[in-house]
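Participant: Got a sequence here, can you build the structure:
(2 chains)
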Protein chains: 2
Amino acid sequence: MALLVTSLQAGAQTTPKFADAQASDPVTMGWMAGSPPPADKLIQFADGTFRKFPQIRWSFSNYRQFVPTSTVARGTGPVSVLPMAARQDIDGVSFQVLGTGETMTWAQSLGANYTDGIVVLHKGRIVYERYFGVFKPQGQHIAMSVTKSFIGTLSAMLVAEGVIDENALTSKYVPELKDTGFGDVTVRQLLDMTTGIKYSENYADPKAEIFDHTRAGGVTPRPPGYEGPKSFYEFLQTIKKEGAHGQAFAYKTVNADALGWVIRRATGKSIGENLQERIWSKLGAEQDAYFTIDTVGTEFAGGGFNAGLRDMARFGEVMRQGGNYNGQQIVPRKVVADIRNGAGKAEFAKAGYKTLPGWSYRNMWWVSHNEHGAYSARGVHGQAIYIDPKAEMVIARFASHPLAGNPNNDPTSLPAYHALAKHLLAHPQ
Amino acid sequence: MALLVTSLQAGAQTTPKFADAQASDPVTMGWMAGSPPPADKLIQFADGTFRKFPQIRWSFSNYRQFVPTSTVARGTGPVSVLPMAARQDIDGVSFQVLGTGETMTWAQSLGANYTDGIVVLHKGRIVYERYFGVFKPQGQHIAMSVTKSFIGTLSAMLVAEGVIDENALTSKYVPELKDTGFGDVTVRQLLDMTTGIKYSENYADPKAEIFDHTRAGGVTPRPPGYEGPKSFYEFLQTIKKEGAHGQAFAYKTVNADALGWVIRRATGKSIGENLQERIWSKLGAEQDAYFTIDTVGTEFAGGGFNAGLRDMARFGEVMRQGGNYNGQQIVPRKVVADIRNGAGKAEFAKAGYKTLPGWSYRNMWWVSHNEHGAYSARGVHGQAIYIDPKAEMVIARFASHPLAGNPNNDPTSLPAYHALAKHLLAHPQ
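Facilitator: Take a look at the predicted model:
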């Protein structure tokens, strides 16, 4: 039955009605089933259907089928053990929906958020794990802007090692950006998204620069006769300055790609090579991960990472354990501590995120400053890694919410996470 | 130093001169290095450079960077152990080059064959393993027509289970092929490549149907204004009959894609799902594998499989051990025995392969009928899995030879394999 839901919460996009999670289940809908799939079940890159709802319920779990990609290898070693300790009491944990105050259970929240997969670690053990639709434990799902938290962490590691100077201008590493809006931006300003460049991330506005950006990178289709920039690097060189840098948090995906260029120039290696060598191959990951790339092989640092859910949870566990996981200090302790401490709340508040009061943004992580010290990697349509240090809890979630902006799913996810954290603290097993 | 070599052997293509393996090393050449790579180091899909020599020395190890792909997952279980027992005496094993009689060592043969990676298992242990250029143990390389041996094995497994009737017409499973050249072809004729369809595999002829085939599948670029078939399925429906079926072996890649369609219709699952469920997830593979796909998501059954080298060796070991590996009967014993027995030598001889006298072709495997009972999966430019039952030896090789046809590398590889087999028999360790 095709139930319809509306978007209730303050800060959300306009509220068209969408089929709910059950009605939009991609297996039920039969996307790409058949040999060949019938025309009305076909999802394509060229016509843009791969980014439309409800097709995204299938395509987000199969991104490599639409665009060229590059591998982030797990390496050839053994898989690290994530002990299983499933709990039956989690589905019933209840919470109040932000804005409406409605009571909802954890189990209900999964549908409300169009969850494709979710895993909860408590003290390093899997206490909860669910997969929906076409997403499977051995599958890979696009992480969207959760990607940025990997880029931010890598950058902070390189800063800690002295390979990158956070106070240097971006153009020290990338001279091509000297005469652009990035010309007087520091690496630190990229990392904390306080650049005053002209760049709109409003997914509801077809003229927003985010779409010029993804067209340039070949991540979304180009119209016939397209004459715009043909790679991420070309696009970065078109960026203009709009206001002062370092004054306010303003979420602009292009900062991550500028940072990606800095990393490449500072290390002489691609983003994928850096991630593989420094993090992914040390996790004991179950699977290779991958990046979507442009036509010159550049990874989409702003949002092109795809990985398995348990491996995302492993990375969350790296952070929760102060960088130490699988018998190694993977991320320096001080890098993790710096992220946990967050950045300026006043600068963050200027961005007006109604669902994130009192938060800040540091090294491309979102920091709650709540009583548990929780912080999160976040990506559009509901992708998240959520780390609650006090509750010793890590949540990794992939989703395909019909609306891109996370204000659309925060009301039914952030309070759920916090309620679960409190439940785990109160009822340890 | 850019040494030049010529193609000496009978049965090879015309003999332009190519940079040798050392001079064409893709790391030395700097392909795709830099951010962005300079124009003369760029390899692209659209301009066809990804399939040109010497660029293939890079691109064959990075195929997913050029085309959409789909995953064949390793699953989430442990990696199976391939014990290491490296031997130092293999590089010096010598043999006579076919045709010229020149003496060459094993070590020399690796360069002569433009080897990207090679692993030798003896009694299930890795006795030799080498990687060259950009290919790494954790990397994936295109297997070209080695893919077909996976398709043939899957098909034979389904025949053994009674899911597919090998004596049925292809059109029983795929009615769309009834009025094409495949109309009166049996599944068995597809499996043994004895169809009389009109289809040229001559890589030296730009008008050969193999190129129509790969353009239809989007595996090679289409010219502006392209109006031809837009998927593998559309292409398959254009095939005409040329001669009688079942009379002679004639190597035509399209038979594998027709078989792929049969498998999909008989099982209701994609090739990737079948391979994953029946073989790949049971190997204890180190890595996911992947297929190149067309725009409706169809795997290129004729040549689109990419995998890690050790995992290819694991599959060879499955076959060597009569289908039993990693604690499971993965392929039925009778399927392996049937492949080892081969097919009609007389039918095979009609194809005129000068480097393969007395061989046959069964279930998409090449069977030598030599005194060791060796048989092989083979792909253009030098891809191979070579199984020598008597010597208890499996060789997996990836390569990027400048010339597609294996008659160009057989003279420096087949006698090397046989010499090594005899050496291992004579000097067990």
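Participant: Quick check: A:Ala416 vs chain B, distance?
Facilitator: In this view, A:Ala416 and chain B are 26 Å apart by CB to the nearest CB, to the nearest Å. C-betas here are computed from N, CA, C, even on glycine.
Participant: repeat for A:Ile271
Facilitator: On the measure of CB to the nearest CB, A:Ile271 and chain B end up 10 Å apart.
Participant: ok, now A:Met144?
Facilitator: Taking CB to the nearest CB, one finds A:Met144 at 19 Å from chain B.
Participant: element containing that residue, please.
Facilitator: Assigned by DSSP states H and E, A:Met144 falls within no helix or strand.
Participant: for the one 10 residues further on, same thing?
Facilitator: Take DSSP H and E as the rule and A:Leu154 turns out to sit in helix A:146-160.
Participant: Is there contact, residue-wise, from that helix to chain B?
Facilitator: No. Using CB under 8 Å from any CB of the partner chain, helix A:146-160 stays clear of chain B, coming no nearer than 14.2 Å.
Participant: elements contacting the helix or strand that that helix is followed by?
Facilitator: Heading C-terminal from helix A:146-160, the first helix or strand you meet, by DSSP H and E, is helix A:170-173. With contacts taken as 3 or more CB pairs under 8 Å, 6 or more residues apart in numbering or on different chains; DSSP states H and E, helix A:170-173 sits against helix A:187-191, helix A:254-267.
Participant: which residues touch A:Ile164?
Facilitator: Neighbour list for A:Ile164: A:155, A:158, A:173, A:187, A:262-263, A:266 [criterion: CB atoms under 8 Å, 6 or more residues apart in numbering or on different chains].
Participant: how about the residues you listed in TSV, adding distance to B:Glu317, pLDDT and neighbour count?
Facilitator: Shown next, in TSV, are the contacts of A:Ile164 (distance: CB to CB, whole Å; pLDDT from 0 to 100; neighbours: other CB atoms under 10 Å in any protein chain shown):
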residue	distance to B:Glu317	pLDDT	neighbour count
A:Ser155	43	98	28
A:Leu158	42	98	21
A:Tyr173	47	98	19
A:Val187	49	98	24
A:Val262	45	98	27
A:Ile263	40	98	27
A:Ala266	43	98	21
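Participant: follow-up on the earlier one: now tabulate the helices and strands packed on helix A:170-173 in a markdown table and tack on distance to chain B.
Facilitator: Below are the helices and strands packed on helix A:170-173 laid out as a markdown table (distance: least, CB to the nearest CB, whole Å):
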| stretch | distance to chain B |
| --- | --- |
| helix A:187-191 | 16 |
| helix A:254-267 | 4 |
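Participant: Any idea which of the ones you listed gets closest to A:His213?
Facilitator: The closest of these to A:His213 is helix A:254-267. By CB to CB, the value is 5.8 Å.
Participant: Please name every helix or strand in contact with the closest one.
Facilitator: helix A:146-160, helix A:170-173, helix A:187-191, helix A:209-216, helix A:232-236, helix A:271-278.
Participant: Quickly, which of those bottoms out on average pLDDT?
Facilitator: Within these, confidence is poorest for helix A:209-216, with a mean of 94 (mean pLDDT).
Participant: quick one: what helix or strand has A:Gly181 in it?
Facilitator: With DSSP H and E as criterion, A:Gly181 is part of no helix or strand.
Participant: circling back to that earlier point, could the helices and strands packed on helix A:170-173 be laid out in a markdown table, adding distance to A:Phe95?
Facilitator: As requested, those are exported to a markdown table (distance: least, CB to CB, whole Å):
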| stretch | distance to A:Phe95 |
| --- | --- |
| helix A:187-191 | 32 |
| helix A:254-267 | 31 |
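Participant: Tell me which of these lies nearest to A:Asn370.
Facilitator: helix A:187-191 (22.3 Å).
Participant: Please work out how many residues are found near the residue of the stretch 301-429 of chain A found nearest chain B.
Facilitator: Closest to chain B within the stretch 301-429 of chain A is A:Arg310: 7.3 Å, counting by CB to the nearest CB. Number of residues near A:Arg310 (other CB atoms under 10 Å in any protein chain shown) recorded here: 23.
Participant: quick one: contacts for it?
Facilitator: Contacts of A:Arg310 (CB under 8 Å, 6+ apart): A:82, A:119, A:126, A:129, A:137, A:286, A:396, B:76.
Participant: check which helix or strand covers the last one.
Facilitator: B:Thr76 belongs to no helix or strand when assigned by DSSP H and E.
Participant: How much space separates it from A:Phe398?
Facilitator: Taking CB to CB, to the nearest Å as the measure, B:Thr76 falls 16 Å from A:Phe398.
Participant: okay, those two: which has more neighbours?
Facilitator: Using other CB under 10 Å as the criterion, B:Thr76 and A:Phe398 rank with A:Phe398 on top: 32 against 15.
Participant: how about that one, phi and psi?
Facilitator: Note on A:Phe398: its backbone torsions stand at phi -120, psi 140 [degrees, to the nearest 10].
Participant: could I get the contacts of A:Arg310 as TSV with secondary structure and distance to A:Asp257?
Facilitator: Compiled in TSV, those are given as follows (DSSP: H, G, I helix; E, B strand; the rest coil; distance: CB to CB, whole Å):
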residue	secondary structure	distance to A:Asp257
A:Leu82	coil	32
A:Val119	strand	29
A:Ile126	strand	34
A:Glu129	strand	33
A:Pro137	coil	31
A:Glu286	coil	28
A:Ala396	strand	24
B:Thr76	coil	32
